[in-house]
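Asker: Provided below are the primary sequence and the corresponding predicted coordinates.
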Amino acid sequence: MASTATHDRRVTATDLSAAFNGNTGNAIFEEALLSRLPHADHLYDPTPQSFAQYDHVVLSLANIISAHPLSESLTHLADTLAEARRINPSLRYVVTAIGAQHYSLENRAAVHPERLALVRQLAESAEFLGVRGFYTAELLADHGITNTWVVGDPALLHPRIGADQPELPVPDDGDIVVHWTSSGRYRDTYRGFLDWARRHRAHLVAQSTLERLLPGDKPYSVAASPDLAACLQYYSWPGRPHDELEAWMVERGLWFGAADDWYRFLRGKRLVLGARFHGNAAAVIAGVPALQLTLDSRTAELSSFHGLPSMPLHHFDPRRGADEYLELADLGTLYARLPLLRANLQAFWAAVGLNAMPEDNSGAAVAAPGCVSGSEPLLASAWQRGLGLRDRYLRRAILHADALDHDPMRPAARDRSVLESIALPRSDAEGQLIDAAPGIVHALRATSSNERAQEVAQWLGATD
């Protein structure tokens, strides 16, 4: 067991970013995934021998489909997966929510041959590949990979979404939260967006951007960062001094090292908006209206599948008020789709041979990066204790707290005026014709021998 000092020390932005592969949004994805697999072993640096002892290995590889060659770590993983299958030919890999990333949905994304080979390797060892949207499914079909099942993103199927949560006091330190992804393609839009956020005294939740801009062991030690100076010059609103943007980032910037802390901070906020998909997913889990600003195929296909309110990033107008954007952030469609999409995910788990937690369970597992492995039944061991300690360590990673004049973790409540009606009863959801239905029907037809899949397929009219 690690020493107490290790868990008590104050972590840096670099520590936090590295723990989640450069993006703390992975905490939201993996916490949601683990909430469905609470009994799975969790392997941080697996060997072929450790993989081979299981019936199933669940892999978190969300952005594996791209035009870039495999990284060193992915090459190592591919070799590990291949060797594990040689040791245990019956081993099955379960891949969920993988997807392609392209500038838009209008054109097909290029896929590097090395990555395509890895996806083929996974497809050959699985009944189905869980993909995040229809754009990705069609792209893989173009390459001859057709055993796909569109599942969306587990974060927007989280058990907490739509569940009753106790009301908390309304925050008095700002009720708008924004997030962003730095991109040269949207410089002028982001100039307006960041100035709008500054004028509204919005909180800025960083997932990876500030880690690159604000290096050092102390919170916001920015003096030696040439990247920050370039960023301020690039994104400052014309005519505004750069130090206004810097002061806002320092005062209102937030980092979260644990999903529950993130949710707790968001509860009670009036509106969350920005280009980060999991930044918006965290808001939905916390019961807060969210508006996705789409900037690529990933954010567009996920928003479309789940019914997450969205608009193209370049349509953001800094002259519009917060109430106008709040009106666009109505989660009614997302809530209406939940019963159907949760049943679809549960059918996927059953089809690939996993006994996942039912969708009506409100419990949640600890979030942590890595590969989740599982077989039924499993024995709890040292991995659980280590994971619990790791979680407490990361919970101390609210890096900016000393720079704020308020408590960023003060419990704050929901103002849900836009969301008077939440999840629809099943009978109402059955009557909804949604964009996702055709792809789900196709996947369920292929697995109609599975009892749960057949039930959902009948619900959708896919079988007689």
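Answerer: Sure, I can see it.

Asker: so where's this protein uncertain?
Answerer: 1-23, 44, 165-173, 183-184, 208-229, 257, 355-464 (pLDDT under 70).

Asker: buried residues in the top helix by length along it, which are they?
Answerer: If you go by DSSP state H, the chain has its longest helix at helix 332-351. Counting neighbours by 16 or more other C-beta atoms under 10 Å, one finds that the buried residues in helix 332-351 are 332, 334-351. Where C-beta positions appear, they are placed from N, C-alpha and C, glycine not excepted.

Asker: now the spatially closest residue to H143 that is not a sequence neighbour: which helix or strand?
Answerer: Nearest residue to H143, sequence neighbours excluded (C-beta to C-beta, 6 or more residues apart in numbering): L116, at 6.0 Å. Following DSSP states H and E, the helix or strand that holds L116 is helix 113-124.

Asker: and that helix, what's buried?
Answerer: Neighbour counts using 16+ other C-beta under 10 Å place R115, L116, L118, V119, L122, A123 of helix 113-124 among the buried residues.

Asker: list the contacts of stretch 98-114.
Answerer: Here stretch 98-114 makes contact (C-beta atoms under 8 Å, 6 or more residues apart in numbering) with 61-70, 75, 119, 129-133, 135-136, 139, 142-143, 185, 296-298, 300-302.

Asker: what's the answer for stretch 291-303, then?
Answerer: So stretch 291-303 is contacted by 63, 99-105, 109, 132-136, 152-153, 156, 181, 183, 185-186, 193, 271-275, 277, 280, 308-313, 316, 325, 328-329 (C-beta under 8 Å, 6+ apart).

Asker: run the last query once more with 7 Å
Answerer: Stretch 291-303 is contacted by residues 99-105, 109, 132-136, 152-153, 181, 183, 186, 273-275, 277, 280, 308-313, 316, 325, 328-329 when judged by C-beta atoms under 7 Å, 6 or more residues apart in numbering.

Asker: make sure P289 is actually in contact with L331.
Answerer: Yes - between P289 and L331 a contact is recorded at 6.1 Å, counting by C-beta atoms under 7 Å.

Asker: V205 and D323: what is the separation?
Answerer: Shown here: V205 relative to D323, a distance of 21 Å by C-beta to C-beta, to the nearest Å.

Asker: now do P89
Answerer: 59 Å.

Asker: again with D79
Answerer: D79 is 54 Å from D323, by C-beta to C-beta.

Asker: try M249
Answerer: Remark: distance between M249 and D323 (C-beta to C-beta) = 25 Å.

Asker: among the two, which residue is more densely surrounded?
Answerer: Using other C-beta atoms under 10 Å, the more surrounded residue of M249 and D323 is M249, with 25 against 9.

Asker: so this protein: which segments form each domain?
Answerer: Structural domains assigned to the chain are 4-159+336-393+425-459, 176-332, following automatic domain parsing.

Asker: just the ones you listed: most buried one?
Answerer: Mean neighbour count (mean count of other C-beta atoms under 10 Å) peaks for domain 176-332 among the domains of the chain, with a mean of 20.

Asker: what's the first-to-last distance across that one?
Answerer: With C-alpha to C-alpha, to the nearest Å as the measure, the ends of domain 176-332 fall 20 Å from one another.

Asker: and what of stretch 38-57?
Answerer: End-to-end span of stretch 38-57 (C-alpha to C-alpha): 14 Å.

Asker: kindly report the same for stretch 308-324.
Answerer: Per C-alpha to C-alpha, stretch 308-324 runs 17 Å from first to last residue.
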